[in-house]
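> take a look and give me a structure for this.
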Amino acid sequence: MATALLVIDVQMDFVTRRDQGFVWGNPAADTSIARALKAFRGKGLAVVHVHHHGVDPADGFHPSQPGSAVQPVAAPLPGEAVFIKHGSSAFIGTGLADHLTAEGLTELVIVGGAANYCVESTARMAGDLGYRTTVVCDALINFCQRLRDGREMSAGDVLALTLANLDGEFARVASVGEILAQVAA
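Down below sits the predicted model:
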């Protein structure tokens with residue numbers, strides 16, 4: 001199987017925000033991410049990690065900040081590729097596409113955060129680059145979003161809209177259960 005699990009930005013800043021009262025669109029996203037990792041690793045399938053490092057020292061994802069640390073649930077194992085990005089798409093300035101090509105990986109299963117930022121940017125670009133892409137709907141981290149007119153869109157609605165933007169056009173959307181069944185087959 002030429003499939004890789006692409007784990008995007010599963011870092012402590014998201015946990016810090018949740019602990020400060022910012023509800024995740026998927027309260028059990030970390031559990032779903034762990035399930036996907038266990039399945040891929042158990043079958044010897046490729047796992048690729050992308051970590052965000054903000055360039056502003058005040059950014060919670062800046063390498064000097066505790067929020068840039070990887071959540072324990074998604075800690076890379078020896079031999080798993082790790083790429084560092086400074087923008088939203090995992091493909092820009094990272095060497096990810098070259099790595100995927102060198103490894104013969106043509107299908108991506110994406111988990112992580114934030115759904116409406118880095119996951120969406122990466123999934124759109126993956127689709128445009130010709131990768132068969134699946135976004136795991138219940139293994140995504142995201143928060144509410146303030147609209148230009150001041151209204152707040154709930155985390156659940158932000159997630160639903162993000163998935164609607166991606167589904168069919170750029171990626172297939174599937175649950176972790178569907179992914180586990182696919183990996184087990």
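> what helix or strand does Lys173 sit in?
Heads up, residue 173 is Val, not Lys. strand 172-174 (DSSP states H and E).
> relative to that strand, what are the paired strands and their orientations?
Each strand paired with strand 172-174, and its direction, by DSSP bridges: strand 132-141 (parallel).
> name the residues that touch the helix or strand just after the partner strand?
The helix or strand immediately downstream of strand 132-141 is strand 145-146, counting by DSSP H and E. Contacts with strand 145-146, where a contact means Cβ atoms under 8 Å, 6 or more residues apart in numbering, come from 116, 152-153, 158. Where you see a C-beta, it was placed from the backbone N, CA and C, and this is true even at glycine.
> give me the buried subset of these.
Buried subset of these (neighbour count, 16 or more other Cβ atoms under 10 Å): 116, 153, 158.
> show me these that map onto strands.
Met153 (DSSP state E).
> just the helices in this structure please.
Secondary structure of the chain (DSSP state H): helices located at 12-19, 29-42, 96-102, 120-128, 155-166, 176-184.
> out of the ones you listed, which one sits most buried?
helix 120-128 (a mean of 22; mean count of other Cβ atoms under 10 Å).
> residues near Leu105, how many?
19 (other Cβ atoms under 10 Å).
> contacting residues around it?
2-4, 46, 48.
> between the buried ones among the contacts of strand 145-146, which is closest to Phe143?
Val158 (7.2 Å; Cβ to Cβ).
> for the residue nearest to that closest one when sequence neighbours are not counted, grab the count of nearby residues.
Take Val158 and drop its neighbours on the chain: the residue closest to it by Cβ to Cβ, 6 or more residues apart in numbering is Gln145, 4.8 Å away. The tally of other residues near Gln145 (other Cβ under 10 Å) stands at 17.
> okay, and the beta partners of Gln145?
Beta-bridge partners of Gln145, as defined by DSSP bridges: Met153.
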